[in-house]
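Student: The following block contains a protein sequence and its predicted model.
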Amino acid sequence: MPTLGAIADDFTGATDLATMLVARGHRTVVTVGTDAFSDSAGSRTVRDADAVVVALKSRTAPVDDAVGTSLTALRALREAGCARYYFKYCSTFDSTPRGNIGPVADALLAELGERRTVVVPSFPATGRTVDQGLLRVHGELLEESPMRHHPLTPMRDSHLGRLLTPQTGHPVRLVGLDTVRKGADALRSALDGPGLADALVVVDAVSDEDLVTVCAATAHLTLVTGAAGLALGLTGPHTEAARATPASAPGDPGVVLSGSASSATRAQVAHARTRLPHRKLDLAALRADFAGTVAALVGFARRAWDDDPAKPPLIYAVGDLADLDDSTPHDGPAASALVERALAACATGLVAAGARRLLVAGGETSGAVVTALGVRTLAIGAPIAPGVTWARADGRAHDREHTVDLALKSGNFGDTAIFTEAWSALV
Ligand SMILES: Nc1ncnc2c1ncn2[C@@H]1O[C@H](COP(=O)(O)OP(=O)(O)OP(=O)(O)O)[C@@H](O)[C@H]1O
Ligand SMILES: O=C(O)[C@@H](O)C(=O)CO
């Protein structure tokens, strides 16, 4: 029976956290939403896990939807036997002044009858640190990092207190690095002190050791919140990571689908464009003839597989920032929604055409793809990079069951060569 239940506000975030939990000795399953809890195969998978991560697409959903789906996830996890909970959001604190980090944290606390939790987005392995409540990305303040250009959640402040205060009904407090460095007992006493009994408490952490301390000092809290780094100290019952074996074999058709506009992904796209067959989404063509444009992209990928199975084709949305389109025509979806729909339709078309391995870049994009592929559970497989892993995905699309290898890459994660090199982890 699982003891740890996590709720992730996007799909790449869910596999990011699951990767960490698997590596720390938890048998972990990622469920897409909560459907798997109520079917017999899914509930068996959940029952056999030590930790369950429910992947939601709630990061940029309307606040009420985000709160509703998060509470549904919490109740399903509680019924499955979980006793502790982890709300996983982005290590770059992706949110808007309305939410959804604050409203979801508030709702989870209320449902659990608690009044306090910690806020720990730090994840040093991927360059995210928090000091004096300021979030940095590879040493740069969040507001000066490429996150200021994010198409859905531009981050133009770095101060977690200022970011969170308009989102929550609780006071937001800070516990600084000086207290963290005094060790787990001192930190725990500080957290249990009278001023913090009713609060969202931002806790500084700039190193893995800091996170292990924070983890130990918060072991008594029913709910913790943060990025995947906070799971570093959550040692599970097993000494070895239990990883799923790949669904595909070397040489099986693969594809890269990228809807991310992040600077890391743009560098990865630029690198892959010199090595892999590639096509950029043409938004005007998609608006004019959606089905025909998607079919042409699937045809392009099939030809690429025939030409050289060792070179998975790349279909991408953004090569440079000038490709970003913030328009919403009166007679059609916003460009961002069109891109998500297009890449999701490519994914189902490609799987129907024989794709067995898909690397998807971008959290929202991954949510759209995983949903379209009808994936219910993801079994974590071989790691690719910090926060990025292969996972074996069982799904149903176009009335057919399928099992594929999926890697969901957060926009900002991975080395420049990840689109060409991730495949070697699958053998
Ligand atoms: N040319 C474009 N014009 C407008 N929006 C776009 C364009 N290309 C991509 N998008 C949208 O930008 C958003 C990118 O978000 P996504 O979460 O997929 O990537 P990311 O933010 O880089 O990743 P992460 O959330 O993992 O950090 C998606 O909604 C995508 O549809
Ligand atoms: O924490 C992160 O940065 C990622 O897991 C993420 O949430 C990507 O969308």
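Tutor: Alright, I've got the coordinates. Ligands and ions are numbered 1, 2, ... in the order given.
Student: What parts of the stretch 301-427 of the chain come near ligand 1?
Tutor: Residues of the stretch 301-427 of the chain lying near ligand 1 by C-beta under 6 Å from any ligand atom: 317-318, 323-325, 335-336, 339-340, 362-365, 410-412. C-beta coordinates here come from the backbone N, C-alpha and C atoms, glycine included.
Student: now for these, which pair is the farthest apart?
Tutor: D325 and S410 (22.2 Å; C-beta to C-beta).
Student: Looking at those two, which is more packed in?
Tutor: With neighbours defined as other C-beta atoms under 10 Å, D325 and S410 compare such that S410 has more, 30 against 16.
Student: Contacts only, for that one.
Tutor: Residues in contact with S410 (C-beta atoms under 8 Å, 6 or more residues apart in numbering) are T12, G13, D16, C90, G362, G363, G387, V388.
Student: The fourth one: which element?
Tutor: For C90, there is no helix or strand it lies in under DSSP states H and E.
Student: could you dump the contacts of S410 to TSV with secondary structure?
Tutor: Formatted as TSV, the contacts of S410 follow (DSSP: H, G, I helix; E, B strand; the rest coil):
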residue	secondary structure
T12	helix
G13	helix
D16	helix
C90	coil
G362	coil
G363	helix
G387	coil
V388	strand
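Student: helices or strands next to the helix or strand hosting A76 in the packing?
Tutor: Per DSSP H and E: A76 is located in helix 63-79. Counting contacts by 3 or more C-beta pairs under 8 Å, 6 or more residues apart in numbering; DSSP states H and E, helix 63-79 is packed against strand 4-8, strand 51-55, strand 84-88, helix 101-112.
Student: closest one to D65 among these?
Tutor: Using C-beta to C-beta, the nearest of the helices and strands packed on helix 63-79 to D65 is helix 101-112, at 10.6 Å.
Student: and that closest one with ligand 1, contact?
Tutor: No: looking at helix 101-112 against ligand 1 by C-beta under 6 Å from any ligand atom, there are no contacts, and the closest approach is 13.5 Å.
Student: So which elements touch that helix?
Tutor: helix 63-79, strand 84-88, strand 116-120, strand 223-226.
Student: Which positions within that helix qualify as buried?
Tutor: I101, G102, P103, V104, A105, D106, A107, L108, L109, E111, L112 (16 or more other C-beta atoms under 10 Å).
Student: how close does S58 get to ligand 1?
Tutor: Using C-beta to the nearest ligand atom, to the nearest Å, S58 is found at 12 Å from ligand 1.
Student: And for D415?
Tutor: Distance from D415 to ligand 1, by C-beta to the nearest ligand atom: 16 Å.
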